[in-house]
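In: Need a 3D model of the following:
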Amino acid sequence: MELVWKLANPTVTVREVYDALRQDRDIAYTTVMTTMVRLSEKGLLKIVDKIGLANCYMPEYEREEFLSTAVKLVLDIFTSQFPRESSDFMEQYQAKLAKKAQRKK
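Out: Okay, the predicted model is just below:
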């Protein structure tokens, strides 16, 4: 998704994502294609056009909106399923942030 958000202008093809990924690692075109199809099936990408036989994809959500929603969902699950552990973690995390802020002063 990071590459889709980065490359979409406003759309991106499998080939464009594949070419970007190939600069850093060896990956099969079909792996990228399957991943993008699955992201589309899950509602994270939408097919908005075609160039020849290639689908043009567009992110369904902006990066910030997606991350905010995902974090909220995870936190809701943890706080409802593990309320004590979540509370303990948040207290410890807040204390850690406070110490970090004090060191910066």
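In: Which segments of the chain make up each domain?
Out: Using automatic domain parsing, the domain ranges for the chain come out as 2-59, 63-104.
In: tell me the mean pLDDT for the last one?
Out: Looking at domain 63-104 alone, the average pLDDT works out to 94.
In: and the end-to-end length of it?
Out: Between the opening and closing residues of domain 63-104 there is a gap of 30 Å (Cα to Cα, to the nearest Å).
In: Would you point to the one among the domains of the chain that's packed deepest?
Out: Most buried of those by mean neighbour count (mean count of other Cβ atoms under 10 Å) is domain 2-59; its value is a mean of 14. For every residue, glycine as well, the C-beta is placed using N, CA and C.
In: which residues of the protein fall in helices?
Out: Assigned by DSSP state H, the helices in the chain fall at 2-7, 14-22, 29-41, 63-81, 83-104.
In: How far off centre is the third one?
Out: Centroid separation for helix 29-41 versus its chain: 14 Å, with Cα atoms, centre = their mean, to the nearest Å.
In: and what of stretch 64-80?
Out: A distance of 12 Å separates the C-alpha centroid of stretch 64-80 from that of its chain, computed with Cα atoms, centre = their mean.
In: And stretch 15-22, by the same measure?
Out: For stretch 15-22, the distance from its own C-alpha centre to the chain's C-alpha centre is 17 Å (Cα atoms, centre = their mean).
In: ok, now stretch 77-93?
Out: With Cα atoms, centre = their mean, you get 24 Å for stretch 77-93.
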